[in-house]
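Trainee: Take a look and give me a structure for this.
(2 chains)
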2 protein chains.
Amino acid sequence: MQELKLAFIGFGTVGQGFARLLQSKESILIEEHDLKIEVTTIIDKVMGMVVDPGGVDLANVLARVERDGKISNEMEVDSRQMIKDGNFDVLVEVSFTDIETAEPAISFIKAALQSGKHVISTNKGPPALAMKELEGLAKENGVYYRYEGTVLSGTPCLNLSSEAMRGVSIHSIRGILNGTCNYILEEMEQGTGYEQALNTAQELGYAEADPTADVEGFDAATKIVILANKLMNANLRVSDVDRSGIVGLTTDEIKKPDESGFKTKLIASAHRKNEKVNLQVGVNKLTLADPLANVNGVLNAATFSTDTLGDVTVIGPGAGSKATAQSLFSDLLAINDKLTTY
Amino acid sequence: MQELKLAFIGFGTVGQGFARLLQSKESILIEEHDLKIEVTTIIDKVMGMVVDPGGVDLANVLARVERDGKISNEMEVDSRQMIKDGNFDVLVEVSFTDIETAEPAISFIKAALQSGKHVISTNKGPPALAMKELEGLAKENGVYYRYEGTVLSGTPCLNLSSEAMRGVSIHSIRGILNGTCNYILEEMEQGTGYEQALNTAQELGYAEADPTADVEGFDAATKIVILANKLMNANLRVSDVDRSGIVGLTTDEIKKPDESGFKTKLIASAHRKNEKVNLQVGVNKLTLADPLANVNGVLNAATFSTDTLGDVTVIGPGAGSKATAQSLFSDLLAINDKLTTY
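Mentor: Predicted structure coming up:
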C-alpha cells in the first residue's frame, strides 16, 4: 500500500473541510486507491499547531477546534523552517494569504518544493502571480504543484482541460467564475436593486463584508489569468485584464430574461488573437441558447473553445468548503496516481 | 524523449481521423509532451494493410485511401496473431464491430492486453459487455485499456469523472447521450413531424439508414451501462436498462418550450438506490433551469450528482470524426503520462 504523509499550513475553513473529507474517505482511500494518508503536521498562525510523526488524530483536533476555537495556544513557530525540515510528502497549502502579494503562500510553496515535497493548494495568488516559476521549481525538484481549487473550486476546470482533454488546443475560454456576482445579477433580473441584492448575498454568506474583490471583478480577473496562463500558455497578470464589475448596474439595464430574451452575466474571457491572449471581465448579454446563460445562483461554469472538440462546457459549484476540499482531494489522488505504477 | 509505437486495427472514419490528428499534432507532441509517436502497423479487413517497423508514412497512406479508397489490395491476414506478435506498444482498436457480440473487438483487445500492449478504443461493445474482465486483464499484464470515446466521443466524461474528479462518489448520472434523438426532438418541438425530422437527420448524416439503435434508445442504453459500470461500480448489461425511445412520439406531445415551459429530451439515467443501481432511458420533460434542457442539436451532455460537489455537468460534442479522434488522443496521452515520471 502506498503511504503519503501530509502537512497542513493553514487550518481555517478550507483546511478543516479537507481534514473532515480525509476522515470520511479514509476507508475508501484504502480500499479503492490502496492509499494510506497520515497527517503529521498542522500549523496555523491563529489556530495553533500540532506535530505528531506517528500521525495526528484528526477527529481529536477537529473536536478541539469545535470546542475551543483553536488547536492549541498560539505560538511563534518558523513555518518555513518546519516546512523544510518536516517529515511529510505533501504540503496542503491553505494558509491565510494576501491576494495582492500572494504571501506568505508563495514562500511556503517554494520552501516545500525546494525540499522535495509536493504541494496542493487553493490559494489563487501564487498561480496568478508566479505560476511558471513555481511549476519550474516543482519540475526541477521532481515533485508536483497542483491548484485545481483556485478556479471553480472542486469543479474540474484546470484538471478537466489539462488532463481529461489532454492534447486539445484551446483558443478561447469564457466563464462565470464568480458566484457572488452571478447571484446578485440573478436577483436584479427579478427586479431587486443592486444594494438590496448585495445585502442579501452578504446575509447568505455569499459576499464578504467588503465585497470589492467580487463586485469589481478582481476575483474573476485573477481566475481568468490562472486559466489563460495554465491552459493557453499565456504569461499575463491581473493588471493585464480589461476589467469591469457589476457596481453601478441598475435594474433598468438588466431586464427579465423572459421579456428580453437574454441573460445578464459577468463573463471572464480569454481569447487568442494572433500570438496574443486578450483577457476581459465584464457584463455580457447572453442568448438563452448559450450554455452559460442558465448557470444560476452561486454555480460557476466555463466554456473552452478548442480545435478538436469545438466548445466544451463544465458547470458546477464555484465555492463552498466541501467543494474546495474536493479540489485538494482530487489533486492529492492525482499526485498519488503519478507516484504509483498502476 | 518517450517513444510509443502504435498499431491500428481498423482504418475506417475513426481510424483515418485519428491518423490525421496524429499528423497535425506531431510537432506539438514532440515539443509539449516530449513524445514521439510512430505507427508501425495498420490492418483493416476491407481497406487492406501496411506494416513498416521503421514507421508507416501516414501522409502517404491517407493519400492512397483518398485516391484508391483503400490502403492495399484486400488480403487474408490473421489479425489476432499480428496483434500478439507485432512490434508496437499501443493498439488503436477501432475495428468494425458487431454491437451485440462486441466481436471482433473483444478478441483484438484481449490479444493485445495478454501480450503486454496497451489498448485505446472507441468501440462501445467491449466495455458494455466485458469491462471488468478487460480491465482485470489489463491490470494483470501491467498495461492500460482506455475507452473515453465510447461515451460523448471526445468530450471528457469517463476521464472527467474518474480522473478530473478523482475521489468523488457519484450517486446518480443523467445524460443526453444520443445526438440523433436530441436533434429529432428539437425539430419536433418546432412542429416538424417525427418522420420528416428523422429524414432530415438522415440527410444530414446524423442518423443511420437503419435508425433503430438511436431512436429506440439502444445506443443511449449501451452508454449508460458503460457509465454506471465504470463510475458507479455497477455490473449491469444493456438488457437491465428500463428502455424506451422516441419512436411513436407526436408533435402534440412535444410542445414548444416557450409555451410549455419545458424541453423534451431523451434522458439516460443511472440512480443508486440502496445497494442497487437502476438504469433508465426514456423521454423526460425538463424545466428550462435544468442544465441539460438547453443542450441543443447534436450536442451531448451528462450531469453527475456527487457527494462532495453536488451536480457537475459537462456539455460537448457527442459524435464526429474529429471529436472521436480526440478521445483516442487524450487516452494515448494519459497512458504516456502514466509511463513517464514527470
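
Trainee: All the helices of the stretch 101-250 of chain A, in order from the start?
Mentor: For the stretch 101-250 of chain A, the helices defined by DSSP state H, counting those that start in this stretch occupy A:105-114, A:125-140, A:158-159, A:179-189, A:194-203, A:212-215, A:218-231.

Trainee: Output those helices in JSON lines; the columns should cover mean pLDDT.
Mentor: Listed next are those as JSON lines, based on pLDDT from 0 to 100:
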{"stretch": "helix A:105-114", "mean pLDDT": "98"}
{"stretch": "helix A:125-140", "mean pLDDT": "98"}
{"stretch": "helix A:158-159", "mean pLDDT": "94"}
{"stretch": "helix A:179-189", "mean pLDDT": "95"}
{"stretch": "helix A:194-203", "mean pLDDT": "95"}
{"stretch": "helix A:212-215", "mean pLDDT": "96"}
{"stretch": "helix A:218-231", "mean pLDDT": "98"}
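
Trainee: Same question for the helix ranked longest in chain A: list its buried residues.
Mentor: Longest helix in chain A, counting residues (DSSP state H): helix A:321-339. Neighbour-count burial for helix A:321-339, counted by 16 or more other CB atoms under 10 Å in any protein chain shown, picks out A:321-337. No exception for glycine: its C-beta is placed from N, CA and C like everyone else's.

Trainee: from those residues, which are also near chain B?
Mentor: Residues of these in contact with chain B (CB under 8 Å from any CB of the partner chain): A:322-323, A:325-326, A:329-330, A:332-334, A:337.

Trainee: Next, format the residues you listed as TSV and append distance to residue A:67 and pLDDT.
Mentor: Formatted as TSV, those follow (distance: CB to CB, whole Å; pLDDT from 0 to 100):
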residue	distance to residue A:67	pLDDT
A:322	22	95
A:323	26	96
A:325	21	97
A:326	26	97
A:329	26	98
A:330	31	97
A:332	28	98
A:333	31	97
A:334	35	96
A:337	37	94
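
Trainee: if you look at the lowest-mean-pLDDT helix or strand in chain A, does any of it touch chain B?
Mentor: The weakest-scoring helix or strand in chain A, judged by mean pLDDT, DSSP states H and E, is helix A:257-260 (a mean of 78). No: taking CB under 8 Å from any CB as the criterion, helix A:257-260 and chain B are apart, separated by no less than 8.5 Å.

Trainee: circling back: reformat the helices of the stretch 101-250 of chain A as TSV; add distance to residue B:201 and mean neighbour count.
Mentor: Shown next, in TSV, are the helices of the stretch 101-250 of chain A (distance: least, CB to CB, whole Å; neighbours: other CB atoms under 10 Å in any protein chain shown):
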stretch	distance to residue B:201	mean neighbour count
helix A:105-114	53	23
helix A:125-140	45	19
helix A:158-159	35	24
helix A:179-189	36	24
helix A:194-203	44	16
helix A:212-215	45	20
helix A:218-231	34	25
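
Trainee: could those go into CSV alongside distance to residue A:146?
Mentor: Shown next, in CSV, are the helices of the stretch 101-250 of chain A (distance: least, CB to CB, whole Å):
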stretch, distance to residue A:146
helix A:105-114, 11
helix A:125-140, 9
helix A:158-159, 8
helix A:179-189, 22
helix A:194-203, 30
helix A:212-215, 24
helix A:218-231, 11
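
Trainee: Excluding covalently adjacent residues, which one is nearest to the residue nearest to the spatial centre of chain A?
Mentor: By CA atoms, centre = their mean, chain A has its centre lying nearest to residue A:150, at 2.0 Å. Nearest non-adjacent residue to residue A:150, counting by CB to CB, 6 or more residues apart in numbering or on different chains: residue A:124, 4.5 Å away.
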